[in-house]
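Novice: Provide a 3D model corresponding to the input given below.
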Amino acid sequence: MDIRLRQKDPRSLLPTDIPFQTSFWGEVKARLGWTPLAFDFTSSGPAGDVLVLTKPYEAGISIAYIPQGPEYGPDCERYGLFLEDLSNAIRRYLDPKVAFIRYDLPWESPYATENIPDHAYPPEQRVQEFRMNFGTKFWNLRKSAVDLTVADTLIIDVTLTEQQILARMKSKTRYNIRLAERKGVRVFSASSSRLPDFYSLYRQTALRNGFYACEYNHFSALFSTLARHPSSPEILFLLAGHGRDILAGAIVVISGSTATYLFGASSNEKRNYMAPYAMQWSAMQLAREKGCLAYDMGAVSPTRDPEHPFFGLYRFKRGFGGEIVHRSGSWDYPLQLEGYAAFRNSEIMSQTGI
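Specialist: Residues are numbered from 1 along each chain as shown. Alright, predicted model coming up:
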């Protein structure tokens with residue numbers, strides 16, 4: 001697709017609704033051991049810029065990661081052609097030790113509008129890879145073992161009035177929001193000094209739901225970068241409490257016209273007080289007040305599948321109304337087959353991603 005690439009300072013990345021493609025995110029990840037690179041690109045199709053993160057891994061290899069980028073892509077039937085050409089353009093700027101480039105694509109899934117039964121969505125890996133690689137020169141794109149951010153997410157339209165947003169919710173969700181209010185749950189904006197309180201809840205949530213818990217420095221890096229970065233996105237740090245008990249928390253980042261729910265947590269105590277419902281409703285109200293067009297609630301299962309690990313999130317978030325957006329998920333472009341195979345085997349075993 002005749003892609004032309006020009007490296008630039010990561011601090012000059014263009015504003016975007018995708019927080020993971022901002023200069024702020026590059027600095028957050030730099031505090032966690034990644035090296036941010038940035039490029040402008042032009043082609044016969046899409047154009048824009050892209051943040052690339054690199055990091056040494058074990059066994060003498062490194063990895064390159066593009067979180068929810070590039071923002072702009074071609075028609076879905078040309079996804080693979082574009083990624084192949086972009087990968088080969090980027091690799092010229094990478095250390096020879098980089099074993100693969102991972103794209104966490106924000107582009108709509110090519111299967112999102114097709115009439116595929118719930119039990120078969122998305123198609124199995126080999127079908128996805130055949131379609132992605134069709135027409136490419138090297139058939140080198142691989143579906144990642146783990147989707148690193150969000151392949152399927154629930155989006156709330158916050159341009160509506162509060163009454164319209166509430167009307168789109170399920171009756172049980174509206175009831176739980178009011179129940180939390182009647183029980184005296186209060187949601188408030190907290191300073192970063194309360195981050196240990198949030199992290200304690202977060203660890204409880206991870207243990208209860210069986211997901212991998214990020215280390216504390218992943219959260220502290222957000223707020224330490226926020227204090228030093230002149231063009232930071234706004235971060236909403238919300239806690240929901242009852243009396244002296246903290247029952248739920250949320251970290252929401254506002255980038256461009258979108259508020260993105262990054263992290264959430266809830267206590268094992270007083271679960272009948274429905275604090276997470278009050279917290280999500282407060283986050284939507286704040287996003288609306290700040291002029292956002294959309295509130296991205298984050299991961300859900302792609303369909304109503306009780307066997308999917310995100311089905312509990314699906315049930316909870318679907319109650320708030322909104323629409324499920326199906327993205328293309330994470331894809332790898334191997335540069336060293338042996339190093340990539342070693343990494344992929346390790347990732348499949350751990351299921352934690354990079």
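Novice: tell me the secondary structure for the residue nearest the centre of the chain?
Specialist: Note on the chain: the residue nearest the mean C-alpha position is residue 149, at 3.5 Å, using C-alpha atoms, centre = their mean. When classified by DSSP: H, G, I helix; E, B strand; the rest coil, residue 149 comes out as coil.
Novice: Return the helix or strand in the protein with minimum mean pLDDT.
Specialist: Ranked by mean pLDDT, DSSP states H and E, the weakest helix or strand in the chain is helix 337-350, scoring a mean of 89.
Novice: got the buried residues for it?
Specialist: 339-340, 342-344, 347 (16 or more other C-beta atoms under 10 Å). For every residue, glycine as well, the C-beta is placed using N, CA and C.
Novice: okay, that helix in PDB with CA atoms only?
Specialist: What follows is helix 337-350 as a C-alpha-only set of coordinates in PDB (Å, rounded to 0.1, in the frame of the first residue of the first chain):
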ATOM      1  CA  LEU A 337      10.000 -17.000  14.200                       C
ATOM      2  CA  GLU A 338      12.000 -18.800  16.900                       C
ATOM      3  CA  GLY A 339      11.800 -16.000  19.400                       C
ATOM      4  CA  TYR A 340       8.100 -15.400  18.600                       C
ATOM      5  CA  ALA A 341       7.300 -19.100  19.100                       C
ATOM      6  CA  ALA A 342       9.000 -19.100  22.500                       C
ATOM      7  CA  PHE A 343       7.100 -16.000  23.600                       C
ATOM      8  CA  ARG A 344       3.800 -17.300  22.300                       C
ATOM      9  CA  ASN A 345       4.200 -20.600  24.200                       C
ATOM     10  CA  SER A 346       5.000 -18.700  27.400                       C
ATOM     11  CA  GLU A 347       2.000 -16.400  26.900                       C
ATOM     12  CA  ILE A 348      -0.400 -19.300  26.300                       C
ATOM     13  CA  MET A 349       0.800 -21.000  29.500                       C
ATOM     14  CA  SER A 350       0.500 -17.900  31.600                       C
END
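Novice: Which elements pack onto it?
Specialist: strand 98-108, strand 323-334 (3 or more C-beta pairs under 8 Å, 6 or more residues apart in numbering; DSSP states H and E).
Novice: Toward the C-terminus, what is the element adjacent to the first one?
Specialist: On the C-terminal side of strand 98-108, the closest following helix or strand by DSSP states H and E is helix 125-133.
Novice: I'd like the distance from that following helix to the chain centre, please.
Specialist: 23 Å (C-alpha atoms, centre = their mean, to the nearest Å).
Novice: How about stretch 215-227?
Specialist: That offset, for stretch 215-227, works out to 17 Å (C-alpha atoms, centre = their mean).
Novice: residues of it that come out buried?
Specialist: Buried residues in stretch 215-227 (16+ other C-beta under 10 Å): 218-223, 225-226.
Novice: Please apply the same query to stretch 277-286.
Specialist: 277-284, 286.
Novice: Next: stretch 317-332.
Specialist: Residues of stretch 317-332 classed as buried: 317-322, 324-332 (neighbour count, 16+ other C-beta under 10 Å).
Novice: do the same with stretch 249-266
Specialist: 249-256, 258-266.
Novice: still on that earlier bit, looking at the buried residues of stretch 277-286, which are in helices?
Specialist: Assigned to helices by DSSP state H, the following of those qualify: 277-284, 286.
Novice: coming back round to it: so what touches the least confident helix or strand of the chain?
Specialist: Residues outside helix 337-350 that contact it (C-beta atoms under 8 Å, 6 or more residues apart in numbering): 57, 59-61, 63, 99-100, 142, 144-146, 332, 334, 353-354.
Novice: Give me the angle between that helix and strand 323-334.
Specialist: Angle between the axes of helix 337-350 and strand 323-334 is 140 degrees (criterion: axes from the mean of the first three to the mean of the last three C-alpha atoms, to 10 degrees).
Novice: between helix 337-350 and strand 98-108, what angle do the directions make?
Specialist: Angle, helix 337-350 to strand 98-108, by the same axes, to 10 degrees: 60 degrees.
Novice: How far off centre is helix 337-350?
Specialist: 22 Å.
Novice: now swap in stretch 134-149 and tell me
Specialist: That offset, for stretch 134-149, works out to 19 Å (C-alpha atoms, centre = their mean).
Novice: Any buried residues in it, and which?
Specialist: Buried, per 16+ other C-beta under 10 Å, within stretch 134-149: 136, 140-149.
Novice: Next, count neighbours for the closest residue to residue 46 other than its chain neighbours.
Specialist: In space, residue 46 comes closest to residue 72 once its chain neighbours are excluded; the distance is 4.2 Å by C-beta to C-beta, 6 or more residues apart in numbering. For residue 72, the number of neighbouring residues by other C-beta atoms under 10 Å comes to 17.
Novice: Okay, now the unreliable bits of the stretch 251-354 of the chain?
Specialist: Low-confidence segments of the stretch 251-354 of the chain (pLDDT under 70): 351-353.
Novice: picking that back up, sitting in strands, which of the buried residues of stretch 249-266 do you find?
Specialist: Secondary structure assignment (DSSP state E) places 249-255, 258-266 from the buried residues of stretch 249-266 within strands.
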